[in-house]
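Asks: with the sequence up front, the predicted model follows.
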Amino acid sequence: MVITKKKSVDRRTTPIRLFITKTSRSLLKGTLAGLLATASLAVASTADHSEFKVLQGTFATGPDVTKACLECHTEAAAQVQKSIHWNWKIDPAKDSREPGKDNIINNFCMAVRTNEARCTSCHAGYGWKDDKFDFTKQENVDCLVCHDTSGEYSKFPTMAGHPNYTPKEWPPKSGKIREPVDLAKVARSVGESSRDNCGSCHFYGGGGDSVKHGDMDSTLSKPSFGLDVHMDADGLNMTCQDCHTTVDHITAGSRITMNARDMNGIDVPGHEFGGRATCESCHDSDPHKDGPAPLLNKHVAKVACQTCHIPEFARDKKTKVAWDWSTAGKSKETLKDEEGNITYSPKKGDFTWQKKVPPEYAWFNGKMNYTLIGDKTEKNAEGVVELVKLEGSAADSGSRIWPFKVMRSVTPRDPETGQMIVPHLFGKDDAAFWKSYDWQKAAAAGMKAVDQPFSGKVEFTKTTYLFPITHMVAPADQALDCVACHNRDNSRMAGIGGIYLPGRDHSEWLDRIGMLLVLMSILAGIGHGLLRYTRRTKGGQL
Amino acid sequence: MRQELIFTRFERFWHWAQMLIIFALLLTGFEIHGSYQLVGFNKAVMVHNICAWSLLTLWVLAIFWSATTGQWKHYLPTSNQMGDVIRFYLFGIFNGEHHPYRRKRWAKHNPLQRLTYLLLKLVLMPMIWGSGLFYMFYSVWMGQGAHPALPWVANIHVAGAWLMLTFLVAHVYIITTGPTVGEHMMSLLTGYGEVYDDEDEKKLEN
């Protein structure tokens, strides 16, 4: 494969930058390219799906297509049904307290329950419209959303994972009509998943493009070298599953089960192979090779690669950084910023968008403690409910300093029970918030549906929610400069405790005493010298 | 009294190389410490480390040289004439007195110099390079978690730097207190300085 070296706009040429650039280039040209050559190229398949008899003719519904797929791919649905894409949980057991999209409370649309038909437009299945969805029915698996290569398939936003089978208006009252998808054409064009397949959900998490993660949005469909060195459309052009290696439909790497410090180094297939979802999987744990490499490599034990190599996220497109639900329903006018991002929605309240966001940093051992449905919450000293609490500390060998997107919202809470509200937002019934704009009703309906008590009181509370930043790896010459952390006044590590950081930390009293000593010796010299000078006429020695 | 070679070529090289290295170490060290931004943190660290290794190498050479030539004897402390020298710098110098100490071939430093340089070599410098090596190789002894001793290592290193800077100021000033302002300095450039006959030495020779 050919690696095109793209010209970067901001290629500064200090020696350390040159060194890093040189290193990364030689690395890319060497091992990585070899490893990935087969994966990144469109591999010629031994099967042409357009020739398959079972895929000729027309299909009425998505499940009909799936049935056809299963004729040959007999085990595919069973595999998918073990995956997080299907269960929205690590452990699909019914009473499991393991976190997943299904039971986590976030500060975007808060929770999936009672709003399924809207949320599950991003479920890899058909028909999850309420808590009676049959997770064992094989034809409910949506093969096309991940395997369509025509680019024509898309699920309708409010149909519980189905595409629309008849022309439908979207957005509501816009007058724009979405034509039904030609299921037969899509079925005959299936292949390996591309960035756009994954992106059809993961770029649009939280209700729109670039809303949720900050390091994943539609700009990664065809990213430049400057936005993402790995997925660079004119360069390495890597796909999501080049790192999120997928075996038996089980995908490696998830923010729900993070590996904050990969001690395995390069993952050699066939030898302790556990997926390539960490940087170390390809780059090893001493990734810097020339110049001050030993100094940089020492950072690896304590600093995640992403901390230096993703100095800012949402670099090409704004991401949502704050969401105030308390203003929802208060006005009827939708407001937008100059780039067309909604800043006020009558249904959802006020939004704040930000581009080129510097992450916030924390010690992290890979364990994120999410607030689950049923959990009692506490406000911290600033009156904020931290919906995600990180584990990790400087003293812990498994922890490293990681970058995060912090989402700051104002969301409903029951002040009596301390539980965050699971609001019933979406639906045609009167209790749905987006129907009657009544928080009491929405909260009562939502809490009842998840079998949780509700006092009848709703307060709006500041909340934070965290996303580890790991995509949008910048070119090496744009990695964080040492001084970004190693400085006293505005260190990126200002909030990182438990460690002595040269340049950031110093002992005030030690420096004062030191300065005093130096000053005293200077004054003594001046005084002594002056005295010698004034008495020099006495003869003899000066 | 006669002009004689008191600082050999190696000794002069040692002194001036050491001066340059220590100057660079202080300059980059205080940048790493966060006191100011000058050449950039990354360059400062690189220069600081290169200088540190250069200085350690120089010290190894100097120790070898001192040991093999017997020059180490110049740093043996003595109380003989100590009072005279201190009195001279405090009072006598202002009254036009001559320095009370007479330099001899095998005792070229006055008792105050001997003590200062001995403390420098035995206390301050080991304090700096000792803490410096611990600082540099923190990943070897610190283990996997952050060690509470690291701030202490750093602070000892910084304290050493302040003491070194204090010494340098005094040292540079005292250079000017020779018979003329530039005479001590010239000795370290040319190697020649005034030497008095040593009675004991003469006896030995005879």
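Replies: Here it is on my side, so go on.
Asks: can I get stretch A:69-86 in PDB, CA atoms only?
Replies: Output in PDB follows, covering the C-alpha atoms of stretch A:69-86 (Å, rounded to 0.1, in the frame of the first residue of the first chain):
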ATOM      1  CA  CYS A  69     -28.800 -13.400   5.200                       C
ATOM      2  CA  LEU A  70     -29.200 -16.100   7.700                       C
ATOM      3  CA  GLU A  71     -29.800 -18.700   5.000                       C
ATOM      4  CA  CYS A  72     -26.100 -18.700   4.400                       C
ATOM      5  CA  HIS A  73     -24.700 -16.900   7.500                       C
ATOM      6  CA  THR A  74     -26.300 -19.400   9.800                       C
ATOM      7  CA  GLU A  75     -24.400 -18.300  13.000                       C
ATOM      8  CA  ALA A  76     -24.300 -14.600  12.400                       C
ATOM      9  CA  ALA A  77     -27.400 -13.500  14.300                       C
ATOM     10  CA  ALA A  78     -26.500 -15.700  17.300                       C
ATOM     11  CA  GLN A  79     -23.000 -14.100  17.400                       C
ATOM     12  CA  VAL A  80     -24.500 -10.600  17.200                       C
ATOM     13  CA  GLN A  81     -26.900 -11.400  20.000                       C
ATOM     14  CA  LYS A  82     -23.900 -11.900  22.300                       C
ATOM     15  CA  SER A  83     -22.500  -8.500  21.500                       C
ATOM     16  CA  ILE A  84     -22.800  -5.100  23.200                       C
ATOM     17  CA  HIS A  85     -24.200  -3.800  20.000                       C
ATOM     18  CA  TRP A  86     -27.200  -6.000  20.500                       C
END
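Asks: next SSE after the strand ranked longest in chain A?
Replies: The longest strand of chain A (DSSP state E) is strand A:400-413. Counting by DSSP states H and E, the next helix or strand C-terminal to strand A:400-413 is helix A:433-436.
Asks: got the buried residues for that next one?
Replies: A:433-435 (16 or more other CB atoms under 10 Å in any protein chain shown). All C-beta spots, glycine's among them, are computed from the backbone N, C-alpha and C.
Asks: which one of those sits closest to chain B?
Replies: Here the nearest of those to chain B, counting by CB to the nearest CB, is residue A:433; it sits at 46.9 Å.
Asks: quick one: neighbours of the closest residue to that closest one other than its chain neighbours, just the number.
Replies: Spatial nearest neighbour of residue A:433, excluding adjacent residues (CB to CB, 6 or more residues apart in numbering or on different chains): residue A:442 at 3.7 Å. Other residues lying near residue A:442 total 26 when counted by other CB atoms under 10 Å in any protein chain shown.
Asks: next one: the one 5 residues further on
Replies: The burial count assigned to residue A:447 is 23, neighbours taken as other CB under 10 Å.
Asks: just confirm it contacts residue A:453, I think it does.
Replies: Yes: applying CB atoms under 8 Å as the test, residue A:447 and residue A:453 come out as touching, 7.0 Å apart.
Asks: so what sits against both of the two?
Replies: Applying CB atoms under 8 Å, 6 or more residues apart in numbering or on different chains, one finds that residue A:447 and residue A:453 are jointly contacted by residue A:419.
Asks: ramachandran angles for residue 171?
Replies: Went with chain A since none was named. Reported as degrees, to the nearest 10, the phi and psi values for residue A:171 are phi -60, psi 160.
Asks: how about low-confidence regions in the chain?
Replies: Since you didn't name a chain, this refers to chain A. A:1-43, A:271-273, A:537-542 (pLDDT under 70).
Asks: I was thinking of chain B, sorry if that wasn't clear
Replies: By pLDDT under 70, the weakly predicted segments of chain B are B:1, B:198-206.
Asks: make it 90
Replies: Filtered on pLDDT under 90, chain B yields the residue ranges B:1-4, B:6, B:78-81, B:92-108, B:138-148, B:177-184, B:193-206.
Asks: which helix in it has the most residues?
Replies: helix B:41-69 (DSSP state H).
Asks: which part of the stretch 151-300 of chain A gets nearest to chain B, residue-wise?
Replies: Nearest residue of the stretch 151-300 of chain A to chain B: residue A:298, at 5.1 Å (CB to the nearest CB).
Asks: which stretch of helix or strand covers the residue nearest to residue A:433?
Replies: For residue A:442, the host element (DSSP H and E) is helix A:439-449.
Asks: now do that helix: distance to the chain's middle.
Replies: Computed by CA atoms, centre = their mean, to the nearest Å, the chain-centroid distance of helix A:439-449 equals 30 Å.
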